[in-house]
Structures are given as C-alpha cells and as structure tokens.
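1. Sequence and predicted structure are below.
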Amino acid sequence: MPFAYRGDIAHADVAFDAWAPTLEELFQEAGRATMQVMVENLSEVRPAQTLEVKLEEENEEMLLFDFLNELIFYKDARRLLLLPTEVSVAPEDGGFVLRARLSGEEIDVVRHQMNTDVKAVTMLRYKLEQVAKGWRATVVLDV
Amino acid sequence: MNVPAALKRISDTIWELPVSYKTGMLVPARIVASEKLINEMDAGVFEQVSNVATLPGIQRYAFCMPDGHWGYGFPIGGVAAMDPGSGVISPGGIGFDINCGMRLVLTTLTAEEVQPKLHQLVDRLFARIPTGVGCQGFVKLKQDDFRTVVQQGSRWCLKNGFATEQDLEMTEEGGCFAGADPSHISEKAIERGYHQLGTLGSGNHYCEIQVVRPENIMDRKLADAFGLTAVPNQVVIMFHCGSRGFGHQVATDYLKLFLPVMERKYGIKIVDRELACAPFHSPEGQAYFSAMKCAVNMAFANRQVILHRIREVFSDVFHASPDELGLRMVYDVAHNTAKLERHAVHGTQKEFLVHRKGSTRAWPPGGEGLPECYEKTGQPVIIGGSMETGSYLLAGMSSGADAFFTTAHGSGRTMSRHEAKKSFRGDKLQRDMEQRGIYVRTDSFGGLAEEAGPAYKNIDEVVAATELAGLSKRVARLVPIGNIKG
C-alpha cells in the first residue's frame, strides 16, 4: 500500500505515511492521501478539468509541503477536488522546481462521499526522506 | 499511562513539569487536571507543553488545560504569555483555525414548544447554513469588500444588516480586533476565503439546539444573570466555527515566512518546526499579528452572519420575529488567538502577549472590557462537549489570575479520528442518537463517526477540574436535542 493513515500521533488531526520508489510517485501518493481525507470515494472524482501548477522551493521537503497546500487551496478557492496525474521534480537554480498536472472536478455532494475538511499541512513530525527503496514521507494534516 | 516521572503534584488540580525536565525550558510547565484526567493525558501533551516552555520571552508557566491533547506545536488546551518586549509570537500557539470560537444564543422557547417542530427546524438550519468541505457562503462579496470585512469584523455585519448593537456588545472585543491591516494578507488567503462568509465548515464544527433543564443549573444566580432561566426547559443555540479557509491560509503563509528567518535572522532555535516564531516586535512578528487580527475579524463576522441566518430560520419556523422569540446572544468567545492583555504581577499591571490555542479567556468579575451586564458575574465561558453528551456555560473567576484568566475550550479528544472511524458507523450513530432524542443532520457520515461521544473525554470531569482549579465556575449544563454538522 503506497500510503497509510496513522492513529498514533495527533489525535484530533490526521497523520499518514506515504512511500514510493520515486520522488514523483511519492508526491502523487501524498496528494491522494490528502484528498482521501476529504473524499472517501476518490474513484468518483472525474477528470473534467485540468490545471498545470509550477512551484519552486529550496528543497524537496518544502516542495511537498507547498504541493499538498496547493491541493487544499483549490478545494476552498474553486471548490475543486484535484488529483495529481503527472508530476516532475527537478533541480533548478540551486533549488527545486515542481511541475504538475492536476485533474478533477467541482465538489458534487451527491456523487462524492465527503469526509472531513483539511485545513492545513502542519510541520508536526513532518518529514520527507530518501530511504533504501525510494522515498518516504510523514505528514500530519490539521482537520 | 504516559505521565512522566518528573511530574510534580502542586495541588489537586495543578501538575508541574520543572525546568529541569527538558533542556531549554525557561519556565515550568503546568497542566490543569484531576488525577484521573492527568493519568489519561496523551503523551503529546507532556512533550508539547514542555516544548512551549522553551519559547523566548515566556512568562510564569506554559499551561495546558484539562481538555488538553496532542496538537501541533502547542498542545490543544495550551496557554503561553510572552513578554512583548523580549518574547515571540508563534502561529503554532494560535492554530490554523484562527479565532475558532463559540457563540451561545438564547431563546424564550421551551423544549416542549420546539420538540414538535424539531425536525423541521434542524432540516431548515441544515439547508440554510452551508456546512462541509469547500462550502460557500450566502453573502456574495467582491474581494475588496472582503478586505473591509476582515478589517471590521462584526462592525461590518452591523453596517450591512447582519447584526444588532447588542450582538457586538456581547462579543469578545466587540467583534473586532483593532489593527487588522489587510496589506499583510496574501492574495491566496483572500481568494481562498472571500466566498466563505457564513459557513460552518466541517470536522468538530457544529450548530446545536440545546436545552437548559432545571436540574442542570448549577449556579442559579449566574444562570439568571446569563438569561438561562427565562422559561423552564429553555432552548438555547450554541455554535462552533472559525475563520475558514482564509484563516487557515494566513496561518500557513506565516508559518512558511517564519521558518527561514527564525534561526538565520533572529538566532532562535526551536525544538519543533511547528513552533516556528518571530520576535513579537520584528517586522515579521508584527505583520503576522496584524494578519492574525484580520482572520480573527473574519471569524467574528462569520459567526455573526450565521447568527443572522439562525434568526431567519427560527422566525420562519415559529412565525414570530427574532425579538419575540428572545433570540439574544449570551456571548461569543474565541479559543484560538493571541492578544495583548494587562495582568497583575506582584501588584503592578504589566502587558503580556497571551497565546491561547484551544483555550478560552475567562475574565473575572470586573474584567476589562466586559459588557456592563457581566461586570459582577465575570465573563460567560462557553465550553462545547461532544455532540452526544452536552456542553457547559461557565463564568470566569477571580482566582484564575495565575493562568492569565484562561480555561478549557471543549472536552478534548482521547481517540484519534482514524480509530473513531474504524470503531463507529456514522449512519448507525445518527439513528442511535435520534432514539436518544438528538436529531442530527450531516454532510458526511464519515465525519459524524469521527465525532462520536466516546472519542472525547468526559466533559463533566473537564469542567469540574476547571472549577476546582479556580479558573471557571459551572453555571449550567446544556443538553443537545438537535445538531447540524459538516
């Protein structure tokens, strides 16, 4: 399983671990884990709209932080449930640049089984690290 | 049991971790709790409250209230007063949901009058007050108008027909923190929040119809003064929400701004990145304080606009005006803020920057800025329990000075959301609650399961501990009969 929720930290919030063989896949899994907190049936989110995002940060860890916050932002600003379909991360100008394609649609409370709103990505126990078989992240979301 | 061996019992309700407990602690950490509650505290509370005690400029003690539980940065239930001259301001001491708070509204209806129309009333409230993930409000604003809202808070509501003078008087700080400058707000925060005015949100946010049963009145005199004894089995309305996506974005923006400057520019080393902070008087600290006030004002306006909707719904359902139904506010109080306040130290008044994260200001009788009607009673304190159990109205006490006149804010979680969702089923819970006389409407059965009563501490024990510790006196227990939640 590429991500798993944890019940052992931050009881009022939602914690998850995500892992993947590549950094790009890790970003996709962490994105799905974040969105699944809000929507139970992610498979019902249709790719009706596509958005391109570009983010810059000094390291990969803060890039993931920004990326997850971007998904949360669109949920409020445009009522969009977005999932990453393509992600690339590359070093550039001494930092890192993420380019991602996000696909999804507006919240439809009839079709989408809504869960709990995610307010923010917290820095509690926040970690992105390279491990023997790829990449691993621990994220606590404020809900 | 997670209690560290170093924890000392100071009294029946005060427990202390000395400065020797952790390297860098500047003051002791104190936890307010009964013996039972302290034994049940999760490990995160001890870790986090002692981390807070390391923040520059912290005065007296780092506190955690009896509803305390594992948060991010500060524990939920945390209180830290900083010397504004030498101390820091930390978004982690306020929370992402800036000015999340409680509002209690009276009616002169009895439970017997409401009961036959309860389903209609709750259904109508559910239809009229937007709830759930990504919900948008009914007040349509341009982004520039929203900038005015965040500067003026409830005053904007008064000018635009969503409030009465008395509503503002019964709101902490009159529903507006002075000094909110929208130039410190990102476009992203505006874009995220400008269409969310008048929305409840999700998670533990709710609007509840409650009953004041005569046997649940603990202090008759205070209950009279707070308007809870107008009729027997009086119906009241309690709701809980905050600054929505706007406040969440403000907190995220400044967490990100503080992280790189904290150590590089100001030489502040912290034990947890979620305690990111900046000197209060630095440009970054002042910018955050001002931006935080914008979010505080958004939350006051949000609760005010929701009250306007509640009045409309009650009027429709009971065919009477809000005045005829006695729809009058008891109080509105924040539980996620930082404020400059004056407190006595060895007989002289000194200014402190008081962070309260999941803890409530509880001004004593005579407290500065209280409405005239509460000068002798102390400030009404609204503590929301789980949707299955009940909530409390309390009053601030003169003996609360040590804790900067602060008390608990809720019952406090004991079970993770993940575990609660595995243990309970939302649809079954809704049916069970209805059999017990509580009619609940929700957008999300998953969300409902996470809020099941057993996921929380016993509210009766929590409020009893605050009273025993001299922080807030119990006035009445309020029992739910209807609830809408996100």
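-> Done, it's in.

2. Nearest residue to residue B:181 in space, please, no chain neighbours.
-> Excluding its sequence neighbours, the residue lying closest to residue B:181 (Cβ to Cβ, 6 or more residues apart in numbering or on different chains) is residue B:290, at 4.5 Å. C-beta here means a position set from N, CA and C on the backbone, and glycine is covered the same way.

3. For the one helix or strand the one you found maps to, which residues meet the burial criterion?
-> If you go by DSSP states H and E, residue B:290 is part of helix B:283-318. For helix B:283-318, burial by neighbour count (16 or more other Cβ atoms under 10 Å in any protein chain shown) applies to B:284-311, B:313-315, B:317-318.

4. got it, and stretch B:28-40?
-> Residues B:28-34, B:37-38, B:40 are the ones in stretch B:28-40 that count as buried (16+ other Cβ under 10 Å).

5. Which of the residues you listed fall in helices?
-> Residues of the buried residues of stretch B:28-40 located in helices (DSSP state H): B:37-38, B:40.

6. for the nearest residue to residue B:299 once chain neighbours are set aside, what are its contacts?
-> The shortest distance from residue B:299 to any non-neighbouring residue, by Cβ to Cβ, 6+ apart, is to residue B:99 (3.5 Å). Listed by Cβ atoms under 8 Å, 6 or more residues apart in numbering or on different chains, the contact set of residue B:99 reads B:242-243, B:247, B:295-300, B:334, B:336-337.

7. where's residue B:99 relative to residue B:298, distance?
-> 8 Å (Cβ to Cβ, to the nearest Å).

8. Check the contact lists of those two and give me the overlap.
-> Shared contacts of residue B:99 and residue B:298 (Cβ under 8 Å, 6+ apart): B:243, B:247.

9. Near chain B, which residues of chain A are found?
-> By the criterion of Cβ under 8 Å from any Cβ of the partner chain, the positions of chain A lying close to chain B are A:5-15, A:38-40, A:65, A:69, A:72-73, A:75-77, A:79, A:107, A:109, A:113-117, A:119-124, A:126, A:140, A:142-143.

10. could you measure the residue nearest the centre of chain A against chain B, distance?
-> Chain A has residue A:31 as the residue nearest its centroid, 2.2 Å off, counting by Cα atoms, centre = their mean. Using Cβ to the nearest Cβ, to the nearest Å, we find residue A:31 at a distance of 16 Å from chain B.

11. any low-confidence regions in chain A?
-> Along chain A, segments meeting pLDDT under 70 span A:1.

12. Report the separation between residue A:84 and chain B.
-> For residue A:84, the distance to chain B - Cβ to the nearest Cβ - is 18 Å.

13. what is that residue paired to in the beta sheet?
-> Beta-bridge pairing for residue A:84 (DSSP bridges): residue A:102.

14. for residue B:484, same thing?
-> Using DSSP bridges, the beta-bridge partners of residue B:484 come out as residue B:207, residue B:441.

15. Tell me which stretches of chain A form strands.
-> Assigned by DSSP state E, the strands in chain A fall at A:3-6, A:14-20, A:49-57, A:80-92, A:95-106, A:120-121, A:127-131, A:134-142.

16. Does anything pack onto the third one? Which helices or strands?
-> Counting contacts by 3 or more Cβ pairs under 8 Å, 6 or more residues apart in numbering or on different chains; DSSP states H and E, strand A:49-57 packs against helix A:60-77, strand A:80-92, strand A:95-106.

17. To residue B:412, which of the ones you listed lies closest?
-> helix A:60-77 (25.3 Å; Cβ to Cβ).

18. Buried residues of the closest one, list them for me.
-> So helix A:60-77, judged by 16+ other Cβ under 10 Å, has buried residues A:60, A:62-77.

19. what's the answer for stretch B:259-277, then?
-> Applying 16+ other Cβ under 10 Å to stretch B:259-277 flags B:259, B:261-262, B:266, B:268, B:270-277 as buried.

20. Going through the residues of chain A next to chain B, which ones are buried?
-> Neighbour counting with 16+ other Cβ under 10 Å marks A:5-7, A:9-15, A:38-40, A:65, A:69, A:72-73, A:75-77, A:79, A:107, A:114-117, A:119-124, A:126, A:140, A:142-143 as buried within the residues of chain A next to chain B.

21. Identify the residues contacting the residue in the stretch 101-250 of chain B that chain A sits nearest to.
-> The minimum distance from the stretch 101-250 of chain B to chain A, using Cβ to the nearest Cβ, falls at residue B:245 (3.4 Å). By Cβ under 8 Å, 6+ apart, the residues touching residue B:245 are A:73, A:76-77, A:119, B:192-193, B:196.

22. which SSE is it in?
-> Element membership for residue B:245, per DSSP H and E: helix B:244-266.

23. Helix A:60-77 and that helix, what's the angle between them?
-> 150 degrees (axes from the mean of the first three to the mean of the last three Cα atoms, to 10 degrees).

24. what angle separates helix B:244-266 from strand A:49-57?
-> Using the same axes, to 10 degrees: helix B:244-266 against strand A:49-57 is 20 degrees.

25. Now do helix B:244-266, average pLDDT.
-> Helix B:244-266 comes out with an average pLDDT of 97.

26. what's the following helix or strand after that helix?
-> Per DSSP H and E, helix B:244-266 leads on to strand B:278-279 as the next helix or strand towards the C-terminus.

27. Note down every partner strand of that following strand and its orientation.
-> Applying DSSP bridges, strand B:278-279 is found paired with strand B:88-89 (antiparallel).

28. what does the strand it pairs with contact?
-> B:55-57, B:82, B:268, B:277-280, B:285, B:288-289, B:338, B:353, B:355.

29. For residue B:4, grab the count of nearby residues.
-> 12 (other Cβ atoms under 10 Å in any protein chain shown).

30. Name the helix or strand for the nearest residue to it once chain neighbours are set aside, please.
-> Nearest residue to residue B:4, sequence neighbours excluded (Cβ to Cβ, 6+ apart): residue B:46, at 5.4 Å. Using DSSP H and E, residue B:46 falls within helix B:43-52.

31. got it, and residue B:480?
-> Per DSSP H and E: residue B:480 is located in strand B:472-485.

32. Which strands and helices lie in contact with the helix or strand harbouring residue B:353?
-> If you go by DSSP H and E, residue B:353 is part of strand B:348-357. With contacts taken as 3+ Cβ pairs under 8 Å, 6+ apart, strand B:348-357 sits against strand B:76-82, strand B:336-345.

33. buried sites along the longest one?
-> Using 16+ other Cβ under 10 Å as the burial criterion, the residues of strand B:336-345 that qualify are B:336-339, B:341, B:343.

34. Just the C-alphas of it, formatted as CSV.
-> Taking C-alpha atoms only, strand B:336-345 is exported to CSV below (Å, rounded to 0.1, in the frame of the first residue of the first chain):
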residue,chain,number,x,y,z
ASN,B,336,-7.6,30.3,19.1
THR,B,337,-5.9,33.7,19.4
ALA,B,338,-3.0,35.8,20.7
LYS,B,339,-3.9,39.1,22.5
LEU,B,340,-2.1,41.9,24.2
GLU,B,341,-3.5,41.9,27.7
ARG,B,342,-2.7,43.6,31.0
HIS,B,343,-2.2,41.3,34.0
ALA,B,344,-1.0,42.0,37.5
VAL,B,345,2.5,40.9,38.6
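
35. what are the pairing partners of that strand, and which direction each?
-> Partners of strand B:336-345 in its sheet, by DSSP bridges: strand B:348-357 (antiparallel).

36. Quick one: work out the angle between the partner strand and helix B:283-318.
-> Taking the same axes, to 10 degrees, one finds strand B:348-357 and helix B:283-318 inclined to each other by 70 degrees.

37. Which residue is most remote from the mean position of chain A?
-> Residue farthest from the centre of chain A, counting by Cα atoms, centre = their mean, is residue A:93 at 24.5 Å.

38. can you tell me which residues contact it?
-> Residue A:93 neighbours (Cβ under 8 Å, 6+ apart): none.

39. Was I right to think the residue nearest to residue B:181 contacts residue B:180?
-> Yes: Residue B:290 lies in contact with residue B:180 (Cβ atoms under 8 Å); the separation is 6.3 Å.
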